[in-house]
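Undergrad: Mind folding the following:
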Amino acid sequence: MKELIKRAEILIEALPYIKTFYGQTIVIKYGGAAMTDEELKKSFAQDIVLLRYVGMKPVIVHGGGPHITNLMERVGKKAEFIGGLRVTDGETMELTEMVLSGKVNSEIVSLINRGGAKAVGISGIDGASIRVSKLKDELGLVGEIERINPEMISILDEAGFIPVVAPVGLGQDEKHYNINADVVACELAIALAASKLIFLTDTKGILKEGSLLSTIKAGQIEDLIKEGTIKEGMIPKAKAASKAISRGVDKVHILDGRISHVLLLELFTDRGIGTEVVAD
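TA: Have a look, this model is predicted:
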């Protein structure tokens, strides 16, 4: 009986959060270990299904860098990076789309569908949803977002589908471009007027001298970057968080995707477990 009461208490704790987020759009950048570990992939899909069934509107943006590198190595092509961004020639772009729009996207969609919800995989090419320009000549087919048309995603969402978005955009030259998935998640959150933007990472959140910063203000981010607290792969996420907050997203969460059911723990319990970024 005590165990049953404990379960009821967990549901009661979640109730005010379910009421608050009902009908709200949540953009989730899915990446890191949560995309490679089989149990974590399963728990992520279960979380997404639950979010949809309690009335939230999840939109997933995924990466796939390690998968792309693995495929390149298998075909004898060496990956090259400049400033953390993959140099993308025509052949690399073909391999990138095979991985992102094919293997990774379809796997996520299948996991969610098997969990009992309805997911649909798209990329920024579909409906010309994401228009880009070339970021830098030396990077090749790497795009910088010019504008997002969220109409297709909104239509899917209103029809009860969960959009799963691969970070590929369409250039003015009609070529396909690789885009940083953190940036896509940020811009989509802004375009969809999302209440939350969530990044799943392979760290506990933003750490300072080994301790988790549970809450930071968007205005602190540049100083934290300058002092070296925010560094390497956390920088694009932190900058995306700052921009999203400045453009109307209520909160940004940076969570440890290595924790099973991390989305539920962060969204539906009294004590969050990652770093939340809020307005000043």
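Undergrad: Shouldn't Ala33 be within a helix?
TA: Yes. When classified by DSSP: H, G, I helix; E, B strand; the rest coil, Ala33 is found to be part of a helix.
Undergrad: Surely it touches Lys41?
TA: No. Applying CB atoms under 8 Å as the test, Ala33 and Lys41 come out as separate, 9.6 Å apart. C-beta here means a position set from N, CA and C on the backbone, and glycine is covered the same way.
Undergrad: which intervals of this structure have sub-threshold pLDDT?
TA: Counting by pLDDT under 70, the chain has low-confidence residues at 1-9.
Undergrad: So which residue is dead centre in it?
TA: Lys29 (0.6 Å; CA atoms, centre = their mean).
Undergrad: wouldn't that residue be in contact with Val61 here?
TA: Yes. Lys29 lies in contact with Val61 (CB under 8 Å); the separation is 5.1 Å.
Undergrad: Quick check: neighbours shared by these two?
TA: 181, 185 (CB atoms under 8 Å, 6 or more residues apart in numbering).
Undergrad: Within the helices and strands, which one has Leu71?
TA: helix 65-74 (DSSP states H and E).
Undergrad: Which positions in stretch 23-31 come out as buried?
TA: Along stretch 23-31, these residues count as buried under the neighbour rule (16 or more other CB atoms under 10 Å): 24-31.
Undergrad: Strands - which of these land there?
TA: 25-30 (DSSP state E).
Undergrad: quick one, strands of the stretch 1-150 of the chain?
TA: Assigned by DSSP state E, counting those that start in this stretch, the strands in the stretch 1-150 of the chain fall at 25-30, 57-62, 81-82, 85-86, 119-123, 130-134, 143-148.
Undergrad: Give the other helices and strands that the second one contacts.
TA: Read that as strand 57-62. Counting contacts by 3 or more CB pairs under 8 Å, 6 or more residues apart in numbering; DSSP states H and E, strand 57-62 packs against strand 25-30, helix 38-53, helix 105-114, helix 151-158, strand 162-166, helix 181-191.
Undergrad: redo that, cut-off 10 Å
TA: Contact here means 3 or more CB pairs under 10 Å, 6 or more residues apart in numbering; DSSP states H and E; on that basis strand 57-62 packs against strand 25-30, helix 38-53, helix 105-114, strand 119-123, helix 151-158, strand 162-166, helix 181-191, strand 196-201.
Undergrad: quick one: the fourth one to chain centroid distance?
TA: Relative to its parent chain, strand 119-123 has a centroid offset of 14 Å by CA atoms, centre = their mean, to the nearest Å.
Undergrad: Next: the second one.
TA: Helix 38-53 has its C-alpha centroid displaced from the chain centroid by 14 Å (CA atoms, centre = their mean).
Undergrad: next one: stretch 102-121
TA: 15 Å.
Undergrad: What distance do you get for Val165 to Val109?
TA: 11 Å (CB to CB, to the nearest Å).
Undergrad: With neighbour numbers in mind, choose between the two.
TA: Val165 (30 against 21; other CB atoms under 10 Å).
Undergrad: Next, the contact list for the closest residue to that one other than its chain neighbours, please.
TA: Computed as CB to CB, 6 or more residues apart in numbering, the closest residue to Val165 that is not its neighbour in sequence is Val61, at 4.8 Å. Contacts of Val61 were listed using CB atoms under 10 Å, 6 or more residues apart in numbering, and they are 27-31, 163-167, 179, 181-189, 197, 199.
Undergrad: Any chance of a PyMOL selection covering the buried ones in those?
TA: The following PyMOL line selects those of these that are buried, judged by 16+ other CB under 10 Å:
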select buried, resi 27+28+29+30+31+163+164+165+166+167+179+181+182+183+184+185+186+187+188+189+197+199
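Undergrad: what about the residue lying closest to His67 once chain neighbours are set aside, how many residues close to it?
TA: Closest residue to His67 apart from its sequence neighbours, by CB to CB, 6+ apart: Val99 at 4.8 Å. Look at Val99: counted by other CB under 10 Å, it has 20 neighbours.
Undergrad: ok, now how distant is Val99 from Glu91?
TA: Val99 is 13 Å from Glu91, by CB to CB.
Undergrad: Residues that sit against both of the two, list them.
TA: Shared contacts of Val99 and Glu91, defined by CB under 10 Å, 6+ apart, are found at Met72.
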